[in-house]
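Novice: Only the shape, not the letters, is given here:
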């Protein structure tokens, strides 16, 4: 089974889930959960950086920082694939 990274917003405001290196954004509302799923057959390892209002995730093959995994999906609690910009606030300057 592939490594997967569940991400949950336990706060009371929206939080941006940003997937690097492209900075794709997926917005979690309070009490919402998404899962980052690598599509590669490699052994994905994740680096997670948390700051106010944003969770940034990098996916690496075998933990090697020179082997960034670019093929992934973000899915909601029902397993539905989400598109970049999902639930992005209209006043956000993210792209």
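Specialist: Ah, there it is. Please read all numbers here as calculations on a predicted model, not as lab measurements. Numbers count the residues shown, from 1 in each chain.
Novice: drop to CA atoms for contacts and neighbour counts, all remaining ones
Specialist: Fine.
Novice: Count the residues that sit near residue 80.
Specialist: Applying other CA atoms under 10 Å, we find 11 other residues in the vicinity of residue 80.
Novice: actually residue 64, not the one I typed
Specialist: Around residue 64 there are 12 residues (other CA under 10 Å).
Novice: try residue 4
Specialist: By the criterion of other CA under 10 Å, residue 4 has 16 neighbours.
Novice: check contacts around residue 86.
Specialist: 25-27 (CA atoms under 8 Å, 6 or more residues apart in numbering).
Novice: What spatial separation is found between it and residue 5?
Specialist: 18 Å (CA to CA, to the nearest Å).
Novice: do residue 22 as well
Specialist: Going from residue 22 to residue 5 by CA to CA gives 18 Å.
Novice: Those two - which one has more neighbours?
Specialist: Taking other CA under 10 Å, residue 22 and residue 5 do not tie; residue 5 has more neighbours (18 against 10).
Novice: could you point out where this structure is predicted with low confidence?
Specialist: Scanning the chain with the threshold set as pLDDT under 70 gives 1, 92-95.
Novice: With that, I have no additional questions.
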